[in-house]
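A.B. asks: my questions are about this predicted structure, shown below with the sequence.
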Amino acid sequence: MTTTDLIIGPQHPALHEPERFVLKLDGEYVVDVVPRIGYVHRGIEKAAELRSYIQDVYLIERICGICNVSHSLVYVQTVEALQGFEIPPRAAYLRTVVHELNRIHSHLLLLGVVGELFGFDTLFMYLWRDRELVMDVVESITGNRLISAFNVLGGVARDVGPSQISEAKRAMEYLRGRMKFYKKVFAEDPTVEKRSKGVGILKPSSALSLCAVGPVIRGSGIKTDLRADDPYAAYGEIPFNVITYDTNDSWARFMVRVDEVFESIGIIEYALDHLPDGPIRARFPRRVREGEAVGRVEAPRGELINHIISKGGDKPYRFKCRTPTLANILAACEMIRGGQIADVPVSLSSIDPCFSCEDRLAIIDVSKGERYSARIRDLMAKYGASR
Amino acid sequence: MSAGMGEADFLEALKSKLGDKILRASVMGPRRVAITVKPGDHRIAIEALKAFGGSHVSTITGTDMGESIEIAYHVWCYQAKIEASIKAEVPKSSPSIETISDLIPGSMLYEAEARDLLGIEFKGLPYEGRLILPEDWPEGVYPLRKDWKPDWLR
């Protein structure tokens, strides 16, 4: 069989981020797909080894703008585990609240983008309007919409007062009503059905063998969620359900996210009602003892893991971070295989790809020659990696 | 899903399967264990984890330890609810180890990533070419090794 190559990307294969997929086509059908990542690598693992544990909080938070809270959370938790350090209970609850707000805004962002991909722009605008409400709550609690350095070594940076709590709870109540409407749209609207049901099938056996994570594996009916299976922060004390759907298609993965927003609202309300009193931060030493630790959190897109090796001192010897999108790339290729070209953007977006998250290791790949080295020089001068 | 098992029980159960193939074993923290084996035995160790639901490779860390490169396979065991880090050290002069991508296909990109950035050869890895580094990156230069400094780019 002769096939035609169709190259999707590196510009914006799904969301507005670069990645390249080479599709092998037989007519309208995709026979095979080869991923090539690395277009937005920034060398963060290396840079983290050259900076102190405290500087790294701010560096690692910038791995991803969307799920920044997950990145800073897993990092501070891993360093705290390395040191055998217990944070105050109030800090654990506040971390949970902000982590869940982060999940809600990330899920709403993706669902909105999916609306746009379906050709359903009204849905996109509604969802993003309501997402702004969550961003306002995040801003009121953390001090900024996105990168806010809320999670710090030893606890959190800011406390919440009664007015912020009531504002957050009011927003959650409103959002719950809106989400009922969106759930009806995603469950019943013919546009959503035609574009996502039966599209991008990922069988449970494939999801497991390809080591998929997050809403992708839960959309294939496998009940796994680190908040329940490997609890951290305050999740061990807060009741919630792990959402699964078993239709194995893009629709299932979108519905998992819709339902997870309801669970997140419940977690936030419970945590704010049961917020322990006491300090929000304990003094964390500058130098960390020798050893190693593996930390994991359930980021909006799935399992996010850090592995830190310390040889003592104030800098990590090795910082390793694997983001959920990298774990789901092979699963995405599996979804695309056998489907039609027109379904590729929907299948790809159903993993909620975040390529900036995934590509952090080397240096920005800007083809060849002058531009390349100039970029690197700028980068190094600006961020002072050789200090 | 099961309720999981304790770290010490897990290590005991694994020792009864692997015996003296385990060079070192330790509990890193709640639901975290580390087991060091010889290169080659890592495949046997990863097979043994399947009895505990260990089918999910979270990631693979390669670390330049000076004379050697340590490769750590982090495997989540769904039933035991333990993240087991299986480690093996290979000499830095010829870092080479058998792939595990035939045992757990989801590990393929992590091996390709470690090959790009640390120069570890994974024998039998089906993914060819570069995954992360640009095509015009010089051969034999591995940015995550300790002897590589960012100012070399200037």
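C.D. replies: Nice, thanks for sending it over.

A.B. asks: residues of stretch A:214-221 that come out buried?
C.D. replies: Along stretch A:214-221, these residues count as buried under the neighbour rule (16 or more other CB atoms under 10 Å in any protein chain shown): A:Gly214, A:Pro215, A:Val216, A:Ile217, A:Arg218, A:Gly219, A:Ser220. For every residue, glycine as well, the C-beta is placed using N, CA and C.

A.B. asks: stretch B:49-67 now?
C.D. replies: Buried positions in stretch B:49-67, judged by neighbour count with 16+ other CB under 10 Å: B:49, B:52-64.

A.B. asks: just name the closest of the residues you listed to A:Val258, please.
C.D. replies: B:His56 (25.1 Å; CB to CB).

A.B. asks: tell me which element the residue nearest to the closest one when sequence neighbours are not counted is part of?
C.D. replies: Excluding the flanking residues, the one nearest B:His56 by CB to CB, 6 or more residues apart in numbering or on different chains is B:Trp76, at 4.2 Å. Per DSSP states H and E, B:Trp76 falls inside strand B:68-77.

A.B. asks: grab the nearest non-local neighbour of the residue of chain A found nearest chain B.
C.D. replies: For chain A, the residue closest to chain B is A:Cys211, as judged by CB to the nearest CB, at 2.7 Å. Take A:Cys211 and drop its neighbours on the chain: the residue closest to it by CB to CB, 6+ apart is B:Gly106, 2.7 Å away.

A.B. asks: what does A:Phe21 give?
C.D. replies: A:Ile8 (4.7 Å).

A.B. asks: show me what contacts the one you found?
C.D. replies: By CB atoms under 8 Å, 6 or more residues apart in numbering or on different chains, the contact set of A:Ile8 is A:Arg20, A:Phe21, A:Val22, A:Leu23, A:Val344.

A.B. asks: contacting residues for the residue most central in space within chain B?
C.D. replies: Central residue of chain B (CA atoms, centre = their mean): B:Tyr73, 2.5 Å from the mean position. Counting by CB under 8 Å, 6+ apart, B:Tyr73 makes contact with B:His42, B:Ile46, B:Val57, B:Ile60, B:Ser85, B:Ile86, B:Lys87, B:Ile100, B:Ser107.

A.B. asks: could you redo the last one with a cut-off of 10 Å?
C.D. replies: Taking CB atoms under 10 Å, 6 or more residues apart in numbering or on different chains, we find B:Tyr73 in contact with B:35, B:42-43, B:45-46, B:49, B:54, B:57-61, B:84-88, B:100, B:104, B:107, B:110-111.

A.B. asks: tell me the confidence at residue 51?
C.D. replies: Since no chain was named, I'll use chain A. pLDDT recorded at A:Arg51 is 95.

A.B. asks: meant chain B, my bad for not saying
C.D. replies: On the pLDDT scale, B:Ala51 is placed at 95.

A.B. asks: skipping its backbone neighbours, what lies nearest it in space?
C.D. replies: Closest to B:Ala51 by CB to CB, 6+ apart is B:Lys17, at 7.2 Å.

A.B. asks: all the helices of chain B, residue numbers only.
C.D. replies: Ranges of helices in chain B, per DSSP state H, are B:7-18, B:41-49, B:108-118.

A.B. asks: which of those is buried the deepest?
C.D. replies: Among these, helix B:108-118 has the highest mean neighbour count (mean count of other CB atoms under 10 Å in any protein chain shown), at a mean of 24.

A.B. asks: could I get the average pLDDT for the helix or strand harbouring A:Glu263?
C.D. replies: Using DSSP H and E, the element containing A:Glu263 is helix A:250-273. Helix A:250-273 shows a mean pLDDT of 97.

A.B. asks: list the buried ones in it?
C.D. replies: Using 16+ other CB under 10 Å as the test for burial, helix A:250-273 gives A:250-272.

A.B. asks: for A:Leu111, give me its contacts.
C.D. replies: A:Leu111 touches A:123-124, A:126-128, A:131, A:179, A:182, A:185-186, A:254, A:257-258, A:261, A:349, A:352, counting by CB under 10 Å, 6+ apart.

A.B. asks: give me the helices and strands touching the helix holding A:Glu263, please.
C.D. replies: Other elements packing on helix A:250-273 under the criterion 3 or more CB pairs under 10 Å, 6 or more residues apart in numbering or on different chains; DSSP states H and E are helix A:89-118, helix A:121-142, helix A:162-188, helix A:190-196, helix A:215-218, helix A:324-336, helix A:344-349.

A.B. asks: can you rerun that using 7 Å?
C.D. replies: Applying 3 or more CB pairs under 7 Å, 6 or more residues apart in numbering or on different chains; DSSP states H and E, one finds that helix A:250-273 contacts helix A:89-118, helix A:162-188, helix A:190-196, helix A:215-218.

A.B. asks: just those: most buried one?
C.D. replies: By mean count of other CB under 10 Å, those have helix A:215-218 as the most buried, with a mean of 28.

A.B. asks: any bit of it sitting next to chain B?
C.D. replies: No. For helix A:215-218, no contact with chain B is found by CB under 7 Å from any CB of the partner chain; the gap never falls below 8.9 Å.

A.B. asks: chain center to that helix: distance?
C.D. replies: Here helix A:215-218 is found 13 Å from its chain centre; the criterion is CA atoms, centre = their mean, to the nearest Å.

A.B. asks: can you check stretch B:76-91 too?
C.D. replies: Its chain's average C-alpha position is 8 Å from that of stretch B:76-91, according to CA atoms, centre = their mean.

A.B. asks: could you list the buried residues of it?
C.D. replies: Under the neighbour-count criterion of 16+ other CB under 10 Å, stretch B:76-91 has B:76-90 buried.

A.B. asks: could you do stretch B:15-30 as well?
C.D. replies: Buried residues in stretch B:15-30 (16+ other CB under 10 Å): B:Leu18, B:Lys21, B:Ile22, B:Ala25, B:Met28, B:Gly29.

A.B. asks: quick check, nearest of those to A:Leu108?
C.D. replies: Nearest to A:Leu108 among those is B:Gly29, at 33.9 Å by CB to CB.

A.B. asks: tell me the contacts of the closest one?
C.D. replies: A:Ala81, A:Ala293 (CB atoms under 7 Å, 6 or more residues apart in numbering or on different chains).

A.B. asks: likewise for B:Glu135?
C.D. replies: Contacts of B:Glu135 by CB under 7 Å, 6+ apart: none found.

A.B. asks: now it: phi and psi?
C.D. replies: Dihedral angles of B:Glu135 (phi, psi; degrees, to the nearest 10) stand at phi -60, psi -30.

A.B. asks: could you say which helix or strand holds A:Leu82?
C.D. replies: Element membership for A:Leu82, per DSSP H and E: helix A:68-83.

A.B. asks: contacts for that helix?
C.D. replies: Contacts for helix A:68-83 (CB under 7 Å, 6+ apart): A:53, A:56-57, A:60-61, A:63-64, A:87, A:95, A:98-99, A:102, A:146-147, A:150-153, A:232, A:285, A:288-289, A:291-293, A:295-297, A:299-300, A:304, A:306, A:308, A:310, B:29.

A.B. asks: ok, how many other residues are close to the residue of chain B at minimum distance from chain A?
C.D. replies: Closest to chain A within chain B is B:Gly106: 2.7 Å, counting by CB to the nearest CB. Neighbourhood size, B:Gly106 [other CB atoms under 10 Å in any protein chain shown]: 25.

A.B. asks: apart from its chain neighbours, what residue comes closest to A:Asn68?
C.D. replies: Per CB to CB, 6+ apart, closest to A:Asn68 is A:Glu61, 4.9 Å.

A.B. asks: quick one: that neighbour and A:Ile147 touch, right?
C.D. replies: Yes. With contacts counted by CB atoms under 7 Å, A:Glu61 reaches A:Ile147, the gap being 5.8 Å.

A.B. asks: neighbour count winner among those two?
C.D. replies: Ranked by neighbour count (other CB under 10 Å), A:Glu61 and A:Ile147 place A:Glu61 first, with 23 against 15.

A.B. asks: which residues does the more buried one contact?
C.D. replies: Residues near A:Glu61 by CB under 7 Å, 6+ apart: A:Asn68, A:His71, A:Ser72, A:Ile147, A:Ala149.
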